[in-house]
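Enquirer: Dropping the sequence and predicted coords here.
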Amino acid sequence: MVRKDAQSVSSSARYQRLSQDDDGFVDAQFKVRPRPIPWKAISYALLLFAAGTLLLIIGSLLVVGYIEERYSDRTWPVIILGALMFIPGAYHSYVAYYAFKGCEGYSFDDIPSYDDD
């Protein structure tokens, strides 16, 4: 069995010495690390927002009769699909916009990240 010394093992973890008057907490555990901007999730949100808006517009034009009646059987599926895409896309785009602006109460932690790097 090969044994490595603790000093020879490289690690990316950062450790801090515990104080002598240990109360079970370390100040470092309460520090919030800055989270990188989830560009992939924001691009997905913008794509959903744009596609949902487009589908809602097309569905609305089908309802009012601006687009020919031979496509009227597609009206409600287009509107429902557009709404299902628009709602989460609009919400996450809204959160991303206000997080970029730095408004209080908005952060990139509220946007689900698809980067598992």
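Expert: Cool, got the structure.

Enquirer: give me the low-pLDDT residue ranges for the protein?
Expert: 1-11, 18-24, 71, 115-117 (pLDDT under 70).

Enquirer: Can you tell me how far Asp110 is from Ile58?
Expert: 30 Å (Cβ to Cβ, to the nearest Å). Backbone N, C-alpha and C define where each C-beta goes, glycine included.

Enquirer: Assign Glu104 to helix, strand or coil.
Expert: What DSSP: H, G, I helix; E, B strand; the rest coil gives for Glu104 is coil.

Enquirer: more crowded one of Asp110 and Ile58?
Expert: Ile58 (18 against 13; other Cβ atoms under 10 Å).

Enquirer: Isn't the more buried one up against Ile67?
Expert: Yes - contact criterion Cβ atoms under 8 Å: Ile58 and Ile67 qualify, at 7.3 Å.

Enquirer: Any buried residues in stretch 85-97, and which?
Expert: By neighbour count on 16 or more other Cβ atoms under 10 Å, the buried set for stretch 85-97 is 85-86, 89-90, 92-93, 95-96.

Enquirer: What is the strand or helix carrying Ile57 packed up against?
Expert: According to DSSP states H and E, Ile57 maps onto helix 39-64. Packing partners of helix 39-64 (3 or more Cβ pairs under 8 Å, 6 or more residues apart in numbering; DSSP states H and E): helix 75-101.

Enquirer: okay but Phe86 is in contact with Ile57, surely?
Expert: No - no contact is recorded between Phe86 and Ile57 when judged using Cβ under 8 Å, the distance being 10.3 Å.
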